[in-house]
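**Q** Coordinates for the following, if possible.
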Amino acid sequence: MEIQNMLENIRVNTQSSIRIEAPEGIVYLDPLEIGDAAHDADFVLITHDHHDHFSPSDIRKVAGAETVLVIPQKMEKQAQEQCGFVGSIVTVRPGEALTVKGLALETVPAYNNIKHFHPQSAGWVGYILIIDGIRIYAAGDTDATKDNRRVRCDIAMVPIGGTYTMNAKAAAELVNEIRPGVAIPIHYGSIVGSPADAETFTALIDPEIRVERKL
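**A** This is a model prediction of the structure:
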């Protein structure tokens, strides 16, 4: 699949709520503020347990009887208690590579360098999905770190809103360093950040890297 075709299969709802149509099935990341109860998710991937990323009521709207819920290991008890309606639960730790029902995944540590909102010790993650040979990085709530500076991907979805994550300038610097073909800014325009942050991010990205705004 070409990157342009893949981009057409990626939707960003709000914050880091993402839906991807893949040959392996429908993938949701951190579903939030879901409108219709489609129950069409084959996979739901959660980056961490903050309410705007782990929303059991929204997971219920997209999940079906066979849905696989992928979560950081330290959230296992929480997920079992609040998401017993999914088909199965798979736990992950930062820095893993695995295949879940045919979907190839890698996990990238997601954390703040100095701020206390997302400590590295929590074991929270971003995900790299490998779909038809295309590497799609959904960073989760993170700063630019020594770990995500090593990411290699074709499409990078990075938070730009600041406060809890890196801001637009730091996100642009990260993208320019890891050099995906396409960058998609996320995590702005609702709880934190504004459309102006997307303008700043876009202006600072190397012209050879395409910016696709989907929020």
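**Q** Now do the contacts for the most centrally placed residue in the chain.
**A** The centroid of the chain falls nearest to Ala138 when counting by Cα atoms, centre = their mean (3.3 Å). Residues near Ala138 by Cβ atoms under 8 Å, 6 or more residues apart in numbering: 16, 18, 29, 45, 47, 126-129, 157, 186. (C-beta placed from N, C-alpha, C; glycine too.)
**Q** So among those, which ones count as buried?
**A** Buried members of these, counted by 16 or more other Cβ atoms under 10 Å: 16, 18, 29, 45, 47, 126-129, 157, 186.
**Q** Flag every buried residue along stretch 37-54.
**A** Per 16+ other Cβ under 10 Å, stretch 37-54 contains these buried residues: 40-48, 50, 52-54.
**Q** before we move on, what SS does the nearest residue in space to Asn9 that is not next to it in sequence have?
**A** What sits nearest to Asn9 in space, not counting adjacent residues and going by Cβ to Cβ, 6 or more residues apart in numbering, is Glu21, at 4.0 Å. When classified by DSSP: H, G, I helix; E, B strand; the rest coil, Glu21 comes out as strand.
**Q** And Trp124, how close does it get to Pro56?
**A** According to Cβ to Cβ, to the nearest Å, Trp124 and Pro56 sit 17 Å apart.
**Q** higher neighbour count, the two?
**A** Trp124 (26 against 18; other Cβ atoms under 10 Å).
**Q** Just the pLDDT for the closest residue to the more buried one other than its chain neighbours.
**A** Among residues not flanking Trp124 along the chain, His48 sits closest, at 3.7 Å (Cβ to Cβ, 6+ apart). If you check His48, the pLDDT there is 97.
**Q** Cross-check the contact I'm expecting between His48 and Gly126.
**A** No. Using Cβ atoms under 8 Å, His48 makes no contact with Gly126, being 9.6 Å away.
**Q** which stretches of the protein form strands?
**A** Ranges of strands within the chain are 10-12, 18-22, 25-29, 41-45, 63-72, 88-92, 97-100, 103-109, 125-131, 134-138, 155-159, 182-186, 210-211, based on DSSP state E.
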